[in-house]
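Asker: can't give you the sequence, but here's the structure:
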DNA sequence: AGCATTGTTCATCA
DNA sequence: ATGATGAACAATGC
């Protein structure tokens, strides 16, 4: 499940492997992966070079040399791989960019939920509204304590739901939401506005360090995530809450339980993470 | 075979 | 107008 650390891992791989390569051919076995006119997409990227790979939240931005930028969202299981040009597409390969150097960039997606859209460079925000609405990146510099205080004070939604809202903070998904709440000893259903200043300080610190640690470990591989090199992440070995339902809490030994919060599976420790009412 | 899975968007309601 | 909530959606595996 690519959240920020996984998407950043993919970004670094793409940066290393395809910047400077020219797109000489495009195959589209699954045209629905393209939002908008898929024919325009093909003509728009053909003969351009990959110039710069960046990321905002969970979105990848593949900037080309011709004033176009591909905005790519991996959703649940989207994945890129670089292959020799004669490699046969896989069962779930949705787009193949043939490159001038006898390689090909594959986009594979078993769930077929991921999407790509071609935008004009510099107008990505206008053309992809959800990009424009993203909250700050979860970093020391961008996610300030005063911002945290402001947004949390305004919402009565469960803190878990709030953390998943990309318009508040960009990049957190189900795995890291469960992790940082466990680390912060906060019950996932606590209304955002009920968190104390101290809790917000702790939560902020945990968000920032957890995202950084997971990125350093090349992300978490739960079902299928792998980077451009086909390597899985290493952070699944570090998880303290997500997926540990029925196991004992690493802090107090109580049995971890799983509930639904805002329709999302949520694992936490009922002893350490006490509900405030 | 129905349920779980996820992030985003949209409709609805207070 | 605003915020909150729930459902829908994409498709697959178990």
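Answerer: Cool, the structure landed. What you are looking at is a predicted structure, and each value in this text was computed from that prediction instead of being measured.

Asker: quick one: residue A:146 is in a helix?
Answerer: Yes - assessed with DSSP: H, G, I helix; E, B strand; the rest coil, residue A:146 lies in a helix.

Asker: For it, give its distance to DNA strand B.
Answerer: Using C-beta to the nearest atom of the strand, to the nearest Å, one gets 24 Å for the distance from residue A:146 to DNA strand B. Heads up, the C-betas are built off the backbone N, CA and C, glycines and all.

Asker: before we move on, what about residue A:19?
Answerer: Residue A:19 is 24 Å from DNA strand B, by C-beta to the nearest atom of the strand.

Asker: where does the nearest residue to that residue once chain neighbours are set aside land on pLDDT?
Answerer: Using C-beta to C-beta, 6 or more residues apart in numbering and skipping residues adjacent in sequence, the residue nearest residue A:19 is residue A:50, 5.3 Å away. On pLDDT, residue A:50 comes in at 96.

Asker: ok, and for the helix or strand hosting residue A:50, which residues are buried?
Answerer: Using DSSP states H and E, residue A:50 maps to strand A:50-56. For strand A:50-56, the buried set under the neighbour-count rule, 16 or more other C-beta atoms under 10 Å, comprises A:50, A:53, A:55-56.

Asker: Of those residues, which is the nearest to DNA strand B?
Answerer: Taking C-beta to the nearest atom of the strand as the measure, DNA strand B lies nearest residue A:56 of the buried residues of strand A:50-56, at 9.8 Å.

Asker: Who's the closest spatial neighbour of residue A:262, skipping the chain neighbours?
Answerer: Excluding its sequence neighbours, the residue lying closest to residue A:262 (C-beta to C-beta, 6+ apart) is residue A:161, at 3.9 Å.

Asker: ok, back up a step: average pLDDT across whatever helix or strand comes next after the strand holding residue A:50?
Answerer: Next along the chain after strand A:50-56, taking DSSP H and E as the criterion, comes strand A:59-64. Here strand A:59-64 scores 93 as its mean pLDDT.

Asker: Poorly predicted segments of chain A, please.
Answerer: In the predicted model of chain A, residues A:1, A:220-238, A:277 satisfy pLDDT under 70.

Asker: Where do the strands of it begin and end?
Answerer: With strands called from DSSP state E, chain A shows them at A:23-27, A:50-56, A:59-64, A:68-73, A:78-84, A:93-99, A:103-109, A:115-120, A:257-261, A:264-268.

Asker: Can I get those in CSV including distance to residue A:179?
Answerer: Listed next are the strands of chain A as CSV, based on distance: least, C-beta to C-beta, whole Å:
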stretch, distance to residue A:179
strand A:23-27, 38
strand A:50-56, 20
strand A:59-64, 22
strand A:68-73, 22
strand A:78-84, 22
strand A:93-99, 30
strand A:103-109, 25
strand A:115-120, 27
strand A:257-261, 14
strand A:264-268, 10
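
Asker: Now for residue A:124: which residues touch it?
Answerer: Residue A:124 is in contact with A:61, A:69, A:71, A:131, counting by C-beta atoms under 8 Å, 6 or more residues apart in numbering.

Asker: about what we covered before: surely the residue nearest to residue A:19 is in contact with residue A:16?
Answerer: No - at 11.4 Å, residue A:50 does not count as touching residue A:16 under the criterion of C-beta atoms under 8 Å.

Asker: Now chain A against DNA strand C: closest residue?
Answerer: At 3.1 Å from DNA strand C, residue A:112 is the closest residue in chain A, using C-beta to the nearest atom of the strand.

Asker: I'd assumed residue A:93 was in contact with that residue.
Answerer: No - applying C-beta under 8 Å, one finds residue A:112 not in contact with residue A:93, separated by 10.9 Å.

Asker: So for those two, which residue has more residues nearby?
Answerer: Taking neighbours as other C-beta atoms under 10 Å, residue A:112 and residue A:93 compare with residue A:93 leading, 21 against 16.

Asker: could I get the buried residues of strand A:50-56 as a markdown table with distance to DNA strand C?
Answerer: Converted to a markdown table, these look like this (distance: C-beta to the nearest atom of the strand, whole Å):
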| residue | distance to DNA strand C |
| --- | --- |
| A:50 | 26 |
| A:53 | 25 |
| A:55 | 21 |
| A:56 | 21 |
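
Asker: Show me chain A divided up by domain.
Answerer: Listed domain ranges for chain A are A:4-132, A:145-268 (source: automatic domain parsing).
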